[in-house]
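Peer 1: Provided below are the primary sequence and the corresponding predicted coordinates.
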Amino acid sequence: MAFRTIIEPFRIHSVEPLRLTTDEERRAAIREAGFNLFALRATDVLIDLLTDSGTGAMSRDQWAAIQHGDESYAGSPSWYLFLDAVRELFPFAHVIPTHQGRAAEKILFTAIAGPGQVVPNNTHFDTTRANVEFTGAEAVDLPIPEALVPSLEHPFKGNMDVAALEQLLTDRGRDAVPAVFVTVTNNSGGGQPVSLENLRAVRAVCDAFGVPLFLDACRFAENAWFIREREPGQENRPVAEIVREMASLADGMTMSAKKDPIANIGGWLAVNDDALAERCRNLLVLTEGFPTYGGLAGRDLEAIAQGLKEAVDHDYLRYRIRSTEYLGDALIRAGIPIVRPTGGHAIYLDARELLPQIPPLEYPGQVLAVALYEAGGVRGCEIGTVMFGRRPDGTEEPAALDLVRLAIPRRTYTQSHIDYVGEVCAQVAERRDELRGLRITYEPAALRHFTARFEQLNG
């Protein structure tokens, strides 16, 4: 018999307190932060859905693994445990540990990209785009058309537009494209999965043009679970086996272990090309550390190794995906527009649809994120014109979508917390007509969403 109630496939062994704040305290805090959710003190946040990166709860066995960590500078036993765990799922020839995913991106794009080149992706996330553009190369997004319609139901809205990829390679030429990237799941596109069928088609195009294919694989387990649930012929396969097939279609990968491997820090770059691996290791030693620790303590390597085993557990993934869907279902019932179907790690509110009175260049996503914090202490993240609207030449244009991501940390919040988030969203939606736009008063040269400051426009 199937039961409707979602239960966590674990018991809570340790708890940490949450601080309840008043409306007045939250309004003062967000103004002091320049209306930027990143600038808030975490102690002023009740439910923190800013990111699922490094914010999950590690398991009993992960904490035990930390006690096994060996801190030898070179050749630590913890390194070999980590290496074996990575290759169990991602059997690439070379695994290069880094302190987090963006370090892997920085090293890789420094080694392969430069002015006059272009790196296509189904959709680049913020640090990926920034690291591509920092080299002087162009970051190009090639999502399928369905991905740009938030309300449209499609099982694999994270897919890359294969015809557009082929056209880009034809127009620009093989020498201008150092690599093709596919992000699984597609974070900027709503946490949407990529199908095996699409990965195979992208691989075929890459083979035809002689271009390597890389995965940005931070949420590999969630993507594999969606493949198992939604792709014909995959329903009886173990998730770990699907992950290995995904890896077999690529020439390399970048990874933030702060996502699906459920660690608080860490990542890696993996490649098959010997010469590329040597160039990347040389860069690694300059900034990250020796190739057998890459900026990580031995204890971190051990925690990641254990987390990789837990990440592909079917009971955990069933709970993880269903609990995210639970919030999405509640918001849909309340008439709140979201990216559909719900993604794996987050719910994405369609701020442009919810707040039509606010033009994209007055940042409806940021307005909505601020309103959610003021209403109930819920911290989300704008994924829209603030994050992606500024071009490399300094000009600004609306992003394809203006979304607010509510990223759900792994094994951290209970069902009552999620019910509360739904209530806060509904309360803000009821007074949507009162909300007004923002303007930027300060922005840095890159990744402006992290440190920009805003002021409210008069209605």
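Peer 2: In hand now; what should we look at? Residues are numbered from 1 along each chain as shown.

Peer 1: A strand includes residue 147, no?
Peer 2: No - Residue 147 is assigned helix when assessed by DSSP: H, G, I helix; E, B strand; the rest coil, not a strand.

Peer 1: who's in contact with it?
Peer 2: Applying CB atoms under 8 Å, 6 or more residues apart in numbering, we find residue 147 in contact with 122-123, 154, 157-159, 186, 189-190, 192. Just so you know, the C-beta spots here come from the backbone N, C-alpha and C atoms, and that holds for glycine as well.

Peer 1: ok, the residue most central in space within the chain to residue 61 distance?
Peer 2: Nearest to the mean C-alpha position of the chain, by CA atoms, centre = their mean, lies residue 187 at 4.6 Å. As judged by CB to CB, to the nearest Å, residue 187 and residue 61 stand 27 Å apart.

Peer 1: same deal with residue 399?
Peer 2: According to CB to CB, residue 399 and residue 61 sit 41 Å apart.

Peer 1: got it, and residue 418?
Peer 2: Counting by CB to CB, the gap from residue 418 to residue 61 is 25 Å.

Peer 1: just residue 208 next, same as before
Peer 2: Separation of residue 208 from residue 61 (CB to CB) stands at 45 Å.

Peer 1: give me the more crowded residue out of residue 399 and residue 61.
Peer 2: Legend: neighbour count by other CB atoms under 10 Å for residue 399 and residue 61, higher for residue 399 (21 against 12).

Peer 1: which pLDDT value belongs to that one?
Peer 2: With respect to pLDDT, residue 399 has a value of 92.

Peer 1: looking at this, it is in a helix?
Peer 2: No - counting by three-state DSSP, residue 399 is located in no helix; its state is coil.

Peer 1: contact partners for it?
Peer 2: Residues near residue 399 by CB under 8 Å, 6+ apart: 360, 384-385, 387-389.

Peer 1: name the SS class of residue 10, please.
Peer 2: coil.

Peer 1: which one is it nearest to, not counting chain neighbours?
Peer 2: residue 411 (6.5 Å; CB to CB, 6 or more residues apart in numbering).

Peer 1: where's the one you found relative to residue 354, distance?
Peer 2: According to CB to CB, residue 411 stands 30 Å off from residue 354.

Peer 1: and the two? Which one has more around it.
Peer 2: In this view residue 411 and residue 354 are compared by other CB under 10 Å, and residue 354 has more residues nearby, 24 against 19.

Peer 1: quick check, the more buried one in contact with residue 336.
Peer 2: Yes - with contact defined as CB atoms under 8 Å, residue 354 and residue 336 form a contacting pair (6.7 Å).

Peer 1: any residues in contact with both of those two?
Peer 2: Residues touching both residue 354 and residue 336 by CB under 8 Å, 6+ apart: residue 429.

Peer 1: can you map out the strands along the stretch 51-200 of the chain?
Peer 2: Under the criterion DSSP state E, counting those that start in this stretch, the stretch 51-200 of the chain contains strands at 94-98, 118-121, 138-141, 180-183.

Peer 1: what comes into contact with the second one?
Peer 2: Spelled out, it's strand 118-121. 109, 113, 128, 132, 137-142, 160, 165, 168, 172, 176-183, 216.

Peer 1: same check, this time on the last one
Peer 2: When contacts are defined by CB under 8 Å, 6+ apart, strand 180-183 is touched by residues 119-125, 128, 158, 160, 165, 194, 199, 202, 205-206, 211-216, 218, 250.

Peer 1: equivalent analysis for the longest one, please.
Peer 2: Residues lying outside strand 94-98 but in contact with it, judged by CB under 8 Å, 6+ apart, are 79, 82-83, 86-87, 104, 107, 266-272, 274, 277, 280-281, 284, 288, 291-296, 301.

Peer 1: can you pull the contacts of the residue nearest to residue 10?
Peer 2: Neighbours of residue 411 in contact, by CB under 8 Å, 6+ apart: 8, 10, 56-57, 59, 262.

Peer 1: check contacts around residue 229.
Peer 2: Here residue 229 is in contact with 235, 321 (criterion: CB under 8 Å, 6+ apart).

Peer 1: which helix or strand contains it?
Peer 2: Applying DSSP states H and E as the criterion places residue 229 in helix 220-230.

Peer 1: tell me the helix or strand right after that helix.
Peer 2: As assigned by DSSP H and E, the chain's next helix or strand after helix 220-230 is helix 239-248.

Peer 1: tilt between that following helix and helix 220-230?
Peer 2: Interaxial angle of helix 239-248 relative to helix 220-230 (axes from the mean of the first three to the mean of the last three CA atoms, to 10 degrees): 110 degrees.

Peer 1: does residue 156 touch residue 192 like I think?
Peer 2: Yes - contact criterion CB under 8 Å: residue 156 and residue 192 qualify, at 7.0 Å.

Peer 1: and the contacts of residue 411, which are buried?
Peer 2: For those, a neighbour count by 16 or more other CB atoms under 10 Å gives the buried set as 56-57, 59, 262.

Peer 1: for those, which one is nearest residue 14?
Peer 2: Residue 14 lies nearest to residue 57 out of these, by CB to CB, at 8.6 Å.
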